[in-house]
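1. After the sequence you'll find the predicted model.
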Amino acid sequence: MSFITKLKSAFGKPKTIKKGQVDDHTNAIINDIDNDPFAISESNVLYAGLNELGGYYFFQTVIVGTFHVKTVKGAQLKVLGHDFELVLNSDMIELESDHSSVSNRSISKIDFQIEEVDAARIDRANIKQLILTSKQENILFSIYELSDEEE
């Protein structure tokens with residue numbers, strides 16, 4: 001997850017969920033992982049960052065929590081911004097979550113294809129919500145607000 005720490009300074013100041021508003025399950029995940037979350041849901045934490053490889057751009061995500069998937073149909077990530085909406089498709093259609101050593105917790109690594117022009121829009125300050133869809137499951141993520149000392 002080094003891409004997250006490299007790009008942490010590129011993300012603006014988030015505005016939706018503060019640390020005190022996170023439930024115990026999600027808070028335990030945040031405390032167990034050294035990197036700062038990008039977004040959170042009721043029982044999942046999404047870590048993310050942009051990466052470019054050979055002129056192709058990817059929004060790389062790692063979802064830690066109750067979300068567990070095994071599919072050959074891929075996933076979609078809908079990015080709802082303040083003045084835009086993007087629908088990103090996973091770069092691979094075959095996805096499988098890994099079990100964690102902590103009970104009721106899985107780790108799902110999903111990379112999404114993104115156009116270079118849209119990559120500039122992926123900024124905490126520009127995004128309101130993310131909706132991850134895989135199989136028939138939809139997870140609504142809200143942007144996680146970093147404290148001033150975490151930025």
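-> Okay, I see it.
2. in this protein, which helix has the most residues?
-> The residue-count maximum for a helix in the chain (DSSP state H) belongs to helix 24-32.
3. which other helices and strands contact that one?
-> With contacts defined as 3 or more CB pairs under 8 Å, 6 or more residues apart in numbering; DSSP states H and E, helix 24-32 has these neighbours: strand 44-53, strand 56-65. C-betas here are computed from N, CA, C, even on glycine.
4. at 10 Å what do you get?
-> Judged by 3 or more CB pairs under 10 Å, 6 or more residues apart in numbering; DSSP states H and E, the packing partners of helix 24-32 are strand 39-40, strand 44-53, strand 56-65.
5. That one relative to strand 44-53, how many degrees between them?
-> Helix 24-32 runs at 40 degrees relative to strand 44-53, counting by axes from the mean of the first three to the mean of the last three CA atoms, to 10 degrees.
6. Any idea how far helix 24-32 is from the middle of the chain?
-> Mean-position distance between helix 24-32 and its chain equals 15 Å (CA atoms, centre = their mean, to the nearest Å).
7. Likewise for stretch 25-37?
-> Computed by CA atoms, centre = their mean, the chain-centroid distance of stretch 25-37 equals 13 Å.
8. cool, stretch 86-95 as well?
-> Distance, centroid of stretch 86-95 to centroid of chain: 13 Å (CA atoms, centre = their mean).
9. what does stretch 84-104 give?
-> Using CA atoms, centre = their mean, the offset of stretch 84-104 from its chain centre is 9 Å.
10. got it, and stretch 37-49?
-> That offset, for stretch 37-49, works out to 5 Å (CA atoms, centre = their mean).
11. Only C-alpha atoms, please: export that stretch in CSV.
-> Written as CSV, here are the backbone C-alpha positions of stretch 37-49 (Å, rounded to 0.1, in the frame of the first residue of the first chain):
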residue,chain,number,x,y,z
PRO,A,37,-8.3,5.6,5.1
PHE,A,38,-9.8,7.2,2.0
ALA,A,39,-13.4,6.4,2.8
ILE,A,40,-15.5,4.3,5.3
SER,A,41,-18.8,2.5,5.4
GLU,A,42,-20.7,1.0,8.3
SER,A,43,-18.4,-2.1,8.4
ASN,A,44,-15.6,-1.5,5.9
VAL,A,45,-12.7,0.8,5.4
LEU,A,46,-11.5,1.7,1.9
TYR,A,47,-7.8,2.6,1.4
ALA,A,48,-7.1,4.1,-2.1
GLY,A,49,-4.6,5.9,-4.3
